[in-house]
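Visitor: Provide a 3D model corresponding to the input given below.
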Amino acid sequence: MNLDYTTEELAFRDEVRAWIKQAYDPELKKLMSQSKNGYLDKAGQVKWQKKLAARGWAAPGWPVQYGGPDWTPTQRYIFQSETAAAGCPIVSPMGIAMVAYVIMEYGTEAQKQSFLPKILNTDECWCQGYSEPGSGSDLASLQMSAVRDGDHYVLNGSKIWTTHAQWADWIFCLVRTNREAKAQSGISFLLADMRTPGISIRPLPSLDGPIDGEQEVNQLFFENVCVPVENRIGEEGLGWTYAKYLLQFERGTAYGSLLRYLLAKIRHIAREQPAGNGGRLIDDPDFRRRYAELAVRVEAVDAAEMRFFSSVESGAAIGAMSSMFKLVGTELQQALSELAMEALGPDGLPFVQDSFAEVRGREAPVRPIPDHAAAVTPLYFNYRKTSIYAGTNEIQRNLLARHVLSSAGVRG
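Guide: This next block holds a predicted model:
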């Protein structure tokens with residue numbers, strides 16, 4: 001196997017590096033230094049994604065006919081590696097990496113023409129309406145109703161843990177359109193304008209703290225919300241099929257670039273953080289060993305993703321591979337955030353104390369935190385959820401056992 005880049009690929013790498021140097025400006029870098037999870041506030045996120053869209057690089061996985069860049073798997077790898085190495089923001093996945101694929105596969109031509117260009121250019125931001133109070137991992141038990149009334153559905157119910165709902169212009173929702181059918185068969189997939197009367201948002205504060213003054217997750221309430229029937233994706237009652245298709249992309253979102261970003265963050269902390277012997281943490285043999293072990297695991301995920309994307313672009317189905325990447329990727333996210341916290345040591349305590357003070361309704365004391373320690377503790381708390389969302393990691397293990405091991409003839 002030849003692992004060297006071709007002359008054309010090296011030229012593309014240089015092109016990406018030059019673009020990053022110009023586009024990733026000091027304002028965005030400052031915002032990113034305070035990010036707890038690789039994302040920015042809404043203004044920063046839109047600014048970054050519009051720069052990508054203007055260059056034609058916002059949606060590496062999209063078909064050319066919808067605005068994708070027509071990259072080879074190697075070009076995608078180079079782009080992800082270079083943006084991660086530079087510490088660039090992560091593209092918000094709700095529109096570009098999630099609902100867009102459902103619209104492409106199952107939407108009408110009118111829906112494609114209406115939504116896809118705005119998603120690509122970040123003219124409209126999206127959020128996801130799946131989980132409900134009491135219907136998280138058992139998503140098929142969702143209860144939010146959508147009753148047909150002429151040319152509209154009338155929605156009543158609640159969605160919870162809705163990331164960045166306060167920023168979103170649109171939401172893609174799973175709703176129950178038939179209570180008589182079995183659980184999965186009575187669900188439909190709707191697109192709703194977040195400005196529709198009857199939708200209200202309640203923030204859900206969390207210990208990882210707000211992003212630039214705003215929380216990350218919310219609970220939504222729908223009271224007699226009218227959504228046009230033309231905003232339904234596909235057929236009524238087949239929403240579960242479309243949701244499973246989308247989940248393959250949510251679970252299979254590329255982890256390599258994010259994991260490399262985390263490795264770089266830990267490396268920066270270790271270079272700045274003093275060790276017990278008076279030197280730098282980066283020179284401590286035990287720390288270097290633990291860092292190297294995680295770096296090897298990240299490289300393994302990266303290599304597997306390259307093979308995966310190559311096979312998908314050749315026409316192979318995503319299938320259970322998305323569960324494998326979700327499982328391995330999120331466990332690595334947590335392991336890296338844990339090492340970052342350990343590297344930070346006592347410098348992480350002020351955030352914990354201040355966060356608890358705010359939750360308990362007391363004014364948080366102002367405490368100095370070194371620049372290299374910014375956002376590390378929030379990142380640690382934020383990543384506790386990665387093994388839960390998009391289907392818990394226990395569910396992913398069950399899916400892998402059912403669809404991979406059983407098909408291979410493996411028996412317990």
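Visitor: Flag every buried residue along the host helix or strand of Arg148.
Guide: Assignment of secondary structure by DSSP states H and E places Arg148 within strand 145-149. For strand 145-149, burial by neighbour count (16 or more other CB atoms under 10 Å) applies to Ser145, Ala146. Where C-beta positions appear, they are placed from N, C-alpha and C, glycine not excepted.
Visitor: just stretch 382-393 next, same as before
Guide: Neighbour-count burial for stretch 382-393, counted by 16+ other CB under 10 Å, picks out Asn382, Tyr383, Lys385, Thr386, Ser387, Ile388, Tyr389, Ala390, Gly391, Thr392, Asn393.
Visitor: Name the residue closest to the centre of this protein, please.
Guide: By CA atoms, centre = their mean, the chain has its centre lying nearest to Pro93, at 5.2 Å.
Visitor: residue ranges of the strands in this protein, please?
Guide: Taking DSSP state E, the strands of the chain run over residues 126-129, 145-149, 152-160, 170-176, 187-193, 199-203, 218-228, 232-233.
Visitor: Show me what the fourth one is packed up against.
Guide: Under the contact criterion of 3 or more CB pairs under 8 Å, 6 or more residues apart in numbering; DSSP states H and E, strand 170-176 touches strand 126-129, strand 145-149, strand 152-160, strand 187-193, helix 239-251.
Visitor: that older thread, nearest to Glu338, of the buried residues of stretch 382-393?
Guide: Lowest distance from Glu338 to the buried residues of stretch 382-393 (CB to CB) belongs to Tyr383, with 8.6 Å.
Visitor: starting at the chain centroid, how far to stretch 36-53?
Guide: 13 Å (CA atoms, centre = their mean, to the nearest Å).
Visitor: rewinding a little: quick one, which of the helices and strands packed on strand 170-176 is packed in tightest?
Guide: Among the helices and strands packed on strand 170-176, ranked by average contacts under mean count of other CB atoms under 10 Å, first place goes to strand 126-129 (a mean of 26).
Visitor: Low-confidence stretches in this protein?
Guide: 1-3, 137, 208-214, 248-254, 276-278, 308-320, 348-374, 390, 393, 403-412 (pLDDT under 70).
Visitor: Pop the domain breakdown of it in here.
Guide: Using automatic domain parsing, the domain parsing of the chain gives 7-91, 125-238, 252-405.
Visitor: Make CSV from the buried residues of stretch 382-393 and add distance to Tyr24 to it.
Guide: Formatted as CSV, these follow (distance: CB to CB, whole Å):
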residue, distance to Tyr24
Asn382, 22
Tyr383, 24
Lys385, 28
Thr386, 25
Ser387, 30
Ile388, 32
Tyr389, 28
Ala390, 28
Gly391, 33
Thr392, 35
Asn393, 33
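Visitor: Relative to Ser33, which of the strands of the chain is closest?
Guide: Nearest of those (CB to CB): strand 199-203, 24.2 Å.
Visitor: Find the nearest non-adjacent residue to Gly129, please.
Guide: Cys173 (3.6 Å; CB to CB, 6 or more residues apart in numbering).
Visitor: So which of the strands of the chain is nearest Tyr255?
Guide: That would be strand 126-129 among the strands of the chain, by CB to CB, at 18.5 Å.
Visitor: neighbouring contacts of the closest one?
Guide: 94-95, 98-99, 119, 144, 159, 162-165, 167-174, 192, 194, 220 (CB atoms under 8 Å, 6 or more residues apart in numbering).
Visitor: hmm, 6 Å instead?
Guide: Residues outside strand 126-129 that contact it (CB atoms under 6 Å, 6 or more residues apart in numbering): Met94, Gly95, Val99, Lys159, Thr162, His164, Ala165, Ala168, Trp170, Ile171, Cys173.
Visitor: so the last one touches Leu191, yeah?
Guide: No: in this structure Cys173 lies outside contact range of Leu191 using CB atoms under 6 Å: 7.6 Å.
Visitor: Count the neighbours of Thr72 for me.
Guide: Neighbour count of Thr72, defined by other CB atoms under 10 Å: 14.
Visitor: whoops, I mixed them up, Lys21
Guide: 10.
Visitor: how close does the closest residue to Ile187 other than its chain neighbours sit to Met94?
Guide: Closest residue to Ile187 apart from its sequence neighbours, by CB to CB, 6+ apart: Gly239 at 4.0 Å. According to CB to CB, to the nearest Å, Gly239 stands 17 Å off from Met94.
Visitor: one step back: which residues touch the residue nearest to Ile187?
Guide: Leu174, Ile187, Ser188, Phe189.
Visitor: who's in contact with the last one?
Guide: Neighbouring residues of Phe189 by CB under 6 Å, 6+ apart: Ile233, Gly239, Tyr242.
Visitor: Next: the second one.
Guide: Residues touching Ile187, when contacts are defined by CB under 6 Å, 6+ apart, comprise Leu174, Arg176, Gly239, Trp240.
Visitor: Against Arg176, how distant is it?
Guide: Counting by CB to CB, the gap from Ile187 to Arg176 is 6 Å.
Visitor: Please enumerate the helices of the protein.
Guide: With DSSP state H applied, the chain shows helices at 7-23, 26-33, 42-55, 73-85, 93, 100-106, 109-120, 239-251, 256-272, 285-313, 321-344, 349-359, 376-382, 393-400, listed in chain order.
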